[in-house]
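Q: Sharing a model that was predicted from the sequence below.
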Amino acid sequence: MNGNGRVYAQQAVAPLATPDWDAVARGYRSKYLFHERCWLRFLEQSQRATVRARKLLGDDGSALGYLCAAEVRKGPFRLLGSPLQGWTTNFMGPLVDDVDVESLLAALDRCCRDLGVDYFELSNPALPAAAMRAAGYELDADMTFLVPIDDEEAMWGRLKSECRNRVRRGTKNGLCVEPTTDPAFVGEYYAQLQDVFLRQGRVPTYGRERVQALWDCLMPEGKLLALRVRHGERLVATGLFPHDERAIYFWGGAAWTRDYSLYPNELLHWTAMRVALERGIPQYNMCGGGSFKPKFGGMPVVTERWFKALSPLARVGRLALKHYMSARQRALGRLRLTLAGRHAAAPGQP
């Protein structure tokens, strides 16, 4: 407590070392799958990040909730992400109920100062846009489609006619979709993902080890749906769908590009929706926009990712990193295309 009577202490908790952490998190209305221990373990493994939950205290010392976040270093910068962009994590942000927003944002600022971070990023639908802007946060907006999971007939009726036709054609082509817990799925999915990106002249934005970490952390907890699409004995497509009590989420899907004419992708997503219905999950969050996702009958919703650069160099570094990652992905994609072309042209190669 300083001379003005303000409380600045931020009590840190290590969620992965706290057996009842999930019970604590479930006590707050802003909680998502991404606050749970299984997902935080995934972040630590995939990002080599240090996850902490810091108790947020108001000016009068009252408990407001927790900031669940992970800290990483990029060059000279200390970054605090709840989550950071690129972590394939939809939401985190503070675990709170109905609190005074001004007090909450002041507590978040104190937390950043206490930790000495250069850059802070967070995302949670509970954060009001006007208050975030007033507190100096900048918006990096994206969008998603939220599909109601309520009744199979109603769900089918909300699909665009093109989507219904492609689901029918996929079934008529002899495709079948099966859930699996087979660990070989990780390699199958990633090989197909590489094929999809190669067709675009790029490489995947994450490595196979991230898929393995997702599998290892969520599958034993019953929080991950893995679907295979088969044509006879041949595997043609795969999809990964984490889920909690709020929604099932589209984390990633891929298909061999040579099999697109069989229409596996629409059938894959339709099956995920039906499994969600069977499990009593009320919503499908498609986790992004694009031209493919509107056909499933969801409502377009803006997703708000807020960031604050706490030093001028951190702002420049953020922009430089985005440009570097984009250029790197294109360059590696061109290299893979070149190597693939040489391999195809070499005589006597298997």
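A: Great, that's in hand.
Q: sec struct for the residue nearest the centre of the chain, please.
A: Nearest residue to the geometric centre of the chain (CA atoms, centre = their mean): Thr89, 2.7 Å. Three-state assignment for Thr89 (DSSP: H, G, I helix; E, B strand; the rest coil): coil.
Q: Is it in contact with Phe34, as I believe?
A: Yes - shown here, Thr89 and Phe34 form a contact pair, counting by CB atoms under 8 Å, at 5.2 Å. Where C-beta positions appear, they are placed from N, C-alpha and C, glycine not excepted.
Q: so what's Gly252 up against?
A: By CB atoms under 8 Å, 6 or more residues apart in numbering, the contact list for Gly252 reads 88, 189, 193, 211, 239-240.
Q: What is the burial count for the spatially closest residue to Glu221 that is not a sequence neighbour?
A: Nearest non-adjacent residue to Glu221, counting by CB to CB, 6 or more residues apart in numbering: Cys38, 4.5 Å away. Here the count is done by other CB atoms under 10 Å, and Cys38 has 22 residues near it.
Q: Return the set of buried residues in the helix or strand Cys38 falls within.
A: Under the assignment given by DSSP states H and E, the secondary-structure element containing Cys38 is helix 37-47. Taking 16 or more other CB atoms under 10 Å as the neighbour-count basis, helix 37-47 is seen to contain the buried residues 37-47.
Q: Okay, Val275 and Asp140: tell me how far apart.
A: 32 Å (CB to CB, to the nearest Å).
Q: Neighbour count for the two, which is higher?
A: Between Val275 and Asp140, counting by other CB under 10 Å, Val275 is the more crowded of the two (18 against 15).
Q: Secondary structure of that one: a helix, I assume?
A: Yes - secondary structure assignment places Val275 in a helix (three-state DSSP).
Q: Surely it touches Pro179?
A: Yes - here Val275 reaches Pro179: they are 6.8 Å apart, a contact under CB under 8 Å.
Q: got any residues that touch both of these two?
A: With contacts defined as CB under 8 Å, 6+ apart, the residues adjacent to both Val275 and Pro179 are 225, 227.
Q: list the contacts for the residue nearest to Glu221?
A: Contacts were defined as CB under 8 Å, 6+ apart; by that measure Cys38 touches 217-218, 221, 223.
Q: I'd assumed Val275 was in contact with Glu152.
A: No - judged on CB under 8 Å, Glu152 makes no contact with Val275 at a distance of 11.4 Å.
Q: shared neighbours of Thr89 and Phe34, which are they?
A: With contacts taken as CB under 8 Å, 6+ apart, the residues that reach both Thr89 and Phe34 are Pro83.
Q: Tell me where the stretch 101-250 of the chain has strands.
A: Counting by DSSP state E, counting those that start in this stretch, residue ranges of the strands within the stretch 101-250 of the chain are 119-122, 138-148, 175-179, 224-231, 234-242, 248-249.
Q: The last one packs against which elements?
A: Packing partners of strand 248-249 (3 or more CB pairs under 8 Å, 6 or more residues apart in numbering; DSSP states H and E): strand 234-242, helix 264-278, strand 283-285.
Q: What is the neighbour count of Asp98?
A: In terms of burial, Asp98 registers 8 neighbours under the definition other CB under 10 Å.
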